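Visitor: Below are the sequence and a predicted model for it; my questions follow.
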Amino acid sequence: MKKEALFYEKLEGKEVHCFLCPHHCRIADGCFGICGVRKNDGGILFTLSYSRPIALHVDPIEKKPLYHFMPGTSTFSLATKGCNFRCGFCQNWQISQDKKNFHAGDYNVNYKPENIVASAEKSNCSSISYTYTEPTIFFEYAQDIARLAKDKGLANVFVTNGYMEKDVIVAIEPYLDAANIDLKSFSDSFYREFCGGSLSPVLGTIELMRELGIWIEITTLIIPGLNDSKAELRSIAEFISSVNKGIPWHISKFHPDYKMLDNVDTSRDVLELAKKIGADFGLRYVYIGNVGRSQDTICYKCNKIIIRRLAFDVVERNMRDNKCLYCNCIIDGVKLTSLTK
Ligand code: SF4
């Protein structure tokens, strides 16, 4: 469905200026923005991803990954095509980087916001996750779904690269409960060379979401030779720690994909080193992901297992009222013990 976009202004000569994300595309009549899903048609900017999901799936919330937000619940995941980044290591590149079908106009589904919310309820999900590709670029669709979902008592989750404008975060905040934000590197040149973006807006998103009370967790995919130096891992951990030590950091193992088929897997040693660095900077919860092993949640005070997992399932919970059952210390997170679905 073609719907007029939010967050843009009309310029002279039927040109438009989109300010949904920091790319701030100026788009001539008949042309697309960098994300490939917003088109200037006759001097009006349209979103072409509205009501056109490319993926719908029920996932454990742990798979986002969110380990401290309603653990053990199911989330209804959706994505549309397109992305405002072009990461050469993208693990969902088949849908995030496939923009040609939008251009050809041969991709037609019509899945309205009310359909998504009804499907989430029917699937017994506690939340809806805007994930797999970048939710910023289908903002209008996400916001309309999120509003309806909130009315029905469902939570909303963004899994995002964090590359969005501050006004956009403020606009979605009343409906957004949690986000997993990628912090792919602490180097601006990495963002420019490998993602087609920049670092500073991502840091700003992390700070602002936390300030607004949105529950956040952070993921870093560690790519051998690109962002795995001790100095860089220290910078990332130091930054997260400066925002809040209770923010969980997910260190994710890289495996060759898309344009980086010649690179090697991240070694166990580097993942363990990153985990130690996180702990050295006082981060209370650091998880190693993508390694095919379960990750338990450990109390940062008494070191006992408070949430035991088998793959993505919660199989044991030693907590009461968000507190450790052994030492009574408060564990950071949202609804860690009160499971509804
Ligand atoms: S959302 Fe798309 S069109 Fe808008 S500024 Fe970002 S990349 Fe450009």
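Guide: Thanks, I have it. Numbering: from 1, shown residues only.

Visitor: C-alpha from now on. contacts and neighbour counts both.
Guide: Fine.

Visitor: Next, the buried residues of stretch 317-334.
Guide: Within stretch 317-334, the residues that count as buried by 16 or more other Cα atoms under 10 Å are 317-319, 322-326, 330-334.

Visitor: ugh, typo on my part, it should be stretch 178-189
Guide: 178-186.

Visitor: Likewise for stretch 157-173?
Guide: 157-166, 168-169, 172-173.

Visitor: I'd like those residues written out as CSV, with distance to the ligand, pLDDT and secondary structure added.
Guide: What follows is those, written out as CSV (distance: Cα to the nearest ligand atom, whole Å; pLDDT from 0 to 100; DSSP: H, G, I helix; E, B strand; the rest coil):
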residue, distance to the ligand, pLDDT, secondary structure
157, 19, 98, strand
158, 16, 98, strand
159, 16, 98, strand
160, 13, 98, strand
161, 12, 98, coil
162, 12, 98, coil
163, 8, 98, coil
164, 8, 98, coil
165, 9, 98, coil
166, 13, 97, helix
168, 11, 98, helix
169, 13, 98, helix
172, 15, 98, helix
173, 18, 98, coil
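
Visitor: ends of stretch 220-234, how far apart?
Guide: 12 Å (Cα to Cα, to the nearest Å).

Visitor: How about stretch 12-31?
Guide: The first-to-last residue distance of stretch 12-31 comes to 15 Å (Cα to Cα).

Visitor: again, but for stretch 163-175
Guide: 19 Å.

Visitor: From the chain's centroid, how far away is it?
Guide: Distance of stretch 163-175 from the chain centroid (Cα atoms, centre = their mean, to the nearest Å) equals 14 Å.

Visitor: and the residue of the stretch 201-341 of the chain found nearest the ligand, how far is that from residue 180?
Guide: Across the stretch 201-341 of the chain, the shortest distance to the ligand (Cα to the nearest ligand atom) belongs to residue 201, at 12.4 Å. Distance of residue 201 to residue 180, computed by Cα to Cα: 15 Å.

Visitor: Please apply the same query to residue 79.
Guide: Distance from residue 79 to residue 180, by Cα to Cα: 15 Å.

Visitor: Residue 60 too?
Guide: For residue 60, the distance to residue 180 - Cα to Cα - is 14 Å.

Visitor: now residue 93
Guide: From residue 93 to residue 180 the distance is 19 Å (Cα to Cα).

Visitor: Now do the strands in the stretch 101-250 of the chain.
Guide: Per DSSP state E, counting those that start in this stretch, the stretch 101-250 of the chain carries strands over the ranges 127-130, 155-160, 178-182, 215-222, 249-253.

Visitor: would you turn those strands into JSON lines with distance to residue 136?
Guide: Below are these laid out as JSON lines (distance: least, Cα to Cα, whole Å):
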{"stretch": "strand 127-130", "distance to residue 136": "9"}
{"stretch": "strand 155-160", "distance to residue 136": "8"}
{"stretch": "strand 178-182", "distance to residue 136": "12"}
{"stretch": "strand 215-222", "distance to residue 136": "16"}
{"stretch": "strand 249-253", "distance to residue 136": "21"}
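
Visitor: Which one of those lies nearest to residue 84?
Guide: Distance to residue 84, taken as Cα to Cα, is lowest for strand 155-160 among the strands of the stretch 101-250 of the chain, at 10.7 Å.
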